[in-house]
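Asks: predicted model, plus sequence, below.
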There are 2 protein chains.
Amino acid sequence: MAAAPRRRAIPDAAVARLPVYHRCLLDLQAEGRTTVSSEQLAEMAGVNAAKVRKDLSHFGSYGTRGVGYEVDQLIIDLRRELGLEHDWPCVIVGAGNLGSALASFNGFRERGFTVVGILDVDPAKVGRRIGGLVVRHQDDLDELVAAEGVAIGIVAVPPAAAQEAADRLVAAGVTSILNFAPTVLDVPAGVHVRDVDLAVELQILAFHEERRPDGRNRRVVERVRS
Amino acid sequence: MAAAPRRRAIPDAAVARLPVYHRCLLDLQAEGRTTVSSEQLAEMAGVNAAKVRKDLSHFGSYGTRGVGYEVDQLIIDLRRELGLEHDWPCVIVGAGNLGSALASFNGFRERGFTVVGILDVDPAKVGRRIGGLVVRHQDDLDELVAAEGVAIGIVAVPPAAAQEAADRLVAAGVTSILNFAPTVLDVPAGVHVRDVDLAVELQILAFHEERRPDGRNRRVVERVRS
DNA sequence: AGCTGTGAATGACTTCACAGCA
DNA sequence: TGCTGTGAAGTCATTCACAGCT
């Protein structure tokens, strides 16, 4: 967490929801819908209507009172806000199970992120083909980042190697890191890190599972507001 | 200030950090450390000391003033709070790239989550071996969940199939779902869902990348000390 | 009439700061 | 003395509620 002085125009919590709205709008567009109300969008995104309006108002107002938001226009605006007008080249460090899966994951390319390289230190892995890419040695990182203008790196190595991988990415010029290793990375201020610890997600579920009101019984459903 | 005895004893935000503390404590234990101060633990976890103390105080106080927390004891307490005293059997629905990677991912088992089955609807995938498991047909879900006492399901199917997969999991008796599909799942109240949308994570990074103070010219990595 | 945009109210989470114990 | 535990203050996020546009 770099504590840099910044004017945070849009709250972090709102930023995290914009991609979800974007996703929902694409679905609406695919269905041929031309407008959508905050209430409908909220329903789709699993949040409430006031939040949708407030979130969207953070980058100017685009809705029409009495009607709602124009789907096409809102997609354009969100794309611009999210920096999705151009593709983002990414590199993956670590060609194990997870790195390999990420490299062949279609969900990235579909949404504007192209994996331009996957690297590993293990000579046994270098040279393998994964999802249209050949695994390169981690020493090629500098060259690759420079050649492709990579700004985003994905760390998919074992915990013990994660800091080293991050250091290399930063040295190569990468300024945003998506970290799958269960480690707190130490990076220079100005470098963004997002952690995705898959086991932590399960642990949070287990926490709630362990203390559900009905103990170990099956569900006694009570109404919860959505 | 516990005037209203709510069901929510521990704030969500704190719960999300407990697994991280747990992870750090295991590292400390491995190094042979017997005690740790809130400040040291905070440093490792990437948060601040007051937060650590407050978080830990939510389930009773275990620290010794003037000394800190006893590592072994705190691990035990966290394990209990997080429901990690027993293993959690999980099933994965979807044997594509992501599902396969998750099935062979060591990080789960190491932290108390055992993948007891991976299922798919595609006959071409059924029967394949993945990380010590044989892919089963999705129709076997009920049987598997009942036989193994599965409470946690992992959805790793394409978006169009996600709701169906979730419905099946819920029908089979699963009460917590980790959803990797970029879709808002509709589940009965009482069923917990956590979403992990990998592309959204990248989009959030892209958002910040797009509006970094130094504009689009990257590689002007200013060296700021951390 | 319907729906957005937004100040104001509420609520949640974080940080401060210090009393109190080992 | 050193460090925890915790009220109180502060910050940030969510929700309400309604004025105001179409």
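Replies: Cool, got the structure.

Asks: scan chain A for its longest strand.
Replies: Longest strand in chain A, counting residues (DSSP state E): strand A:113-120.

Asks: enumerate the residues of chain A near DNA strand C.
Replies: Proximity of chain A to DNA strand C (Cβ under 7 Å from any atom of the strand) is limited to residues A:37-39, A:49-50, A:53-54, A:56-57, A:61-69. Just so you know, the C-beta spots here come from the backbone N, C-alpha and C atoms, and that holds for glycine as well.

Asks: show me how to select, in ChimeraX, the buried members of these.
Replies: Entered in ChimeraX, the line below selects the buried ones among these, by 16 or more other Cβ atoms under 10 Å in any protein chain shown:
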select /A:37,38,53,56,63,68,69
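
Asks: could you export the lengthiest helix in chain A as CSV, CA atoms only?
Replies: Assignment by DSSP state H gives helix A:12-30 as the longest helix of chain A. Extracted as CSV, the C-alpha positions of helix A:12-30 are listed here (Å, rounded to 0.1, in the frame of the first residue of the first chain):
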residue,chain,number,x,y,z
ASP,A,12,-11.6,3.0,-4.6
ALA,A,13,-14.8,1.2,-3.7
ALA,A,14,-16.5,2.7,-6.7
VAL,A,15,-13.7,1.9,-9.1
ALA,A,16,-13.9,-1.7,-8.1
ARG,A,17,-17.5,-1.7,-9.3
LEU,A,18,-17.1,0.0,-12.6
PRO,A,19,-15.8,-3.1,-14.4
VAL,A,20,-18.9,-5.0,-13.1
TYR,A,21,-21.2,-2.3,-14.6
HIS,A,22,-19.2,-2.5,-17.8
ARG,A,23,-19.8,-6.2,-18.0
CYS,A,24,-23.5,-5.9,-17.4
LEU,A,25,-23.8,-3.2,-20.0
LEU,A,26,-22.1,-5.5,-22.6
ASP,A,27,-24.7,-8.1,-21.8
LEU,A,28,-27.5,-5.5,-22.2
GLN,A,29,-26.0,-4.4,-25.5
ALA,A,30,-25.8,-7.9,-26.7
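
Asks: contacts for it, please.
Replies: Applying Cβ atoms under 8 Å, 6 or more residues apart in numbering or on different chains, the contact partners of helix A:12-30 are A:36, A:41, A:44-47, A:51-52, A:54-56, A:58, A:71-72, A:74-75, A:78-79, A:81-82, A:84, B:182, B:184, B:197, B:199-200, B:203-204, B:207-208.

Asks: can you flag which of these belong to strands?
Replies: The strands, defined by DSSP E, take in A:Val36 from these.

Asks: now the buried members of the contacts of helix A:12-30.
Replies: A:36, A:41, A:44-47, A:52, A:55-56, A:71, A:74-75, A:78, A:81-82, A:84, B:182, B:184, B:197, B:199-200, B:203-204, B:207-208.

Asks: so how far is A:Gly107 from A:Cys90?
Replies: In this view, A:Cys90 and A:Gly107 are 12 Å apart by Cβ to Cβ, to the nearest Å.

Asks: neighbour count winner among the two?
Replies: Legend: neighbour count by other Cβ atoms under 10 Å in any protein chain shown for A:Cys90 and A:Gly107, higher for A:Cys90 (26 against 20).

Asks: who's in contact with the more buried one?
Replies: A:Phe108, A:Phe113, A:Thr114, A:Val115, A:Val116, A:Val150, A:Ile152, A:Gly153, A:Ile154, B:Leu202.

Asks: let's see that with 6 Å instead.
Replies: A:Phe113, A:Val115, A:Ile152, A:Ile154 (Cβ atoms under 6 Å, 6 or more residues apart in numbering or on different chains).

Asks: hang on, A:Thr183 packs against A:Ala160?
Replies: No: the criterion here is Cβ atoms under 6 Å, and A:Thr183 misses it with A:Ala160 at 8.3 Å.
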